[in-house]
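Enquirer: Predicted model and sequence below, questions to follow.
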Amino acid sequence: DAKTTQPTSMDCAEGRAANLPCNHSTISGNEYVYWYRQIHSQGPQYIIHGLKNNETNEMASLIITEDRKSSTLILPHATLRDTAVYYCIAPTDSWGKLQFGAGTQVVVTP
Amino acid sequence: DTGVSQDPRHKITKRGQNVTFRCDPISEHNRLYWYRQTLGQGPEFLTYFQNEAQLEKSRLLSDRFSAERPKGSFSTLEIQRTEQGDSAMYLCASSLISRYDYNEQFFGPGTRLTVL
């Protein structure tokens, strides 16, 4: 799996966009970038994934740089319920295990 | 509720006892994963199955741990001779392997184990 690096924590004001960076400079050409989040006392939840192109779904947008060495997860209008630990993962085998790091603790404040 | 259930939700045991956890995945899902999470850390991979076949085990998984998925449906994770260091949240996830490269793992609520 490609090593990923994320900030330990970040704060975001409710209603504002939250931009979560992730570095994955050793990613190989066929490794996807996945984002999961874990709300306190719950199991992780899938958010979005991408390979080369930017992606958007009902939860978030994923921007991947052209060289694929980094990506940004965007929560367009953060709510208090978005307070969670966010994990950026680049598994070698998309169908295998997920290697979670420490993630980014995001706190959304009123 | 993701559709993945785990039982029990909480287990307190004494050191040296054996414990068994159960995971019921989403019914049509053919992949089932087990992870362990300690306080302040991200989940750590333990093992995974495709149908009833166990495809990978973590090197960190001691021989006191065993997992089964006998009919390719539910799975059990047993820990023999528990130690205090086994105290953690044990998470189960399932997914449906398909012709797409996209693998969304659906996680259960976890079983919290406390070893006294």
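Expert: Good, I have the coordinates.

Enquirer: Every contact and neighbour count from this point should use C-alpha atoms.
Expert: Noted.

Enquirer: Just list the residues touching the most centrally placed residue in chain B, thanks.
Expert: Nearest to the mean C-alpha position of chain B, counting by C-alpha atoms, centre = their mean, stands B:Trp34 at 3.0 Å. Applying C-alpha atoms under 8 Å, 6 or more residues apart in numbering or on different chains to B:Trp34 gives the contacts B:Phe45, B:Leu46, B:Thr47, B:Tyr48, B:Tyr90, B:Leu91, B:Cys92, B:Ala93.

Enquirer: Go again with 6 Å.
Expert: Applying C-alpha atoms under 6 Å, 6 or more residues apart in numbering or on different chains, we find B:Trp34 in contact with B:Leu46, B:Thr47, B:Leu91, B:Cys92.

Enquirer: So which of the residues you listed wins on neighbours?
Expert: B:Cys92 (33 neighbours; other C-alpha atoms under 10 Å in any protein chain shown).

Enquirer: Let me know the average pLDDT across the helix or strand hosting it.
Expert: Per DSSP states H and E, B:Cys92 falls inside strand B:88-95. For strand B:88-95, the mean pLDDT works out to 96.

Enquirer: and what of stretch B:1-19?
Expert: pLDDT averaged over stretch B:1-19 gives 96.

Enquirer: Could you do stretch A:57-71 as well?
Expert: What stretch A:57-71 shows for mean pLDDT is 94.

Enquirer: Pull out the buried residues from that stretch.
Expert: The neighbour-count check on stretch A:57-71 (16 or more other C-alpha atoms under 10 Å in any protein chain shown) flags A:Ala60, A:Ser61, A:Leu62, A:Ile63, A:Ile64, A:Arg68, A:Ser70, A:Ser71 as buried.

Enquirer: Is the fourth one in contact with A:Thr56, as I believe?
Expert: The one in question is A:Ile63. No - applying C-alpha atoms under 6 Å as the test, A:Ile63 and A:Thr56 come out as separate, 8.8 Å apart.

Enquirer: Low-confidence stretches in chain A?
Expert: Judged by pLDDT under 70, chain A has no weakly predicted residues.

Enquirer: got the residues of it near chain B?
Expert: Neighbours of chain B within chain A, by C-alpha under 6 Å from any C-alpha of the partner chain: A:Gln42, A:Gly43, A:Trp95, A:Phe100, A:Gly101, A:Ala102.

Enquirer: tell me which strands and helices the helix or strand of chain B with the lowest mean pLDDT is in contact with?
Expert: Lowest mean confidence among the helices and strands of chain B (mean pLDDT, DSSP states H and E): strand B:53-57, at a mean of 92. Applying 3 or more C-alpha pairs under 6 Å, 6 or more residues apart in numbering or on different chains; DSSP states H and E, we find strand B:53-57 packed against strand B:44-50.

Enquirer: what pLDDT, on average, does the strand it packs on get?
Expert: On average, the pLDDT along strand B:44-50 is 94.
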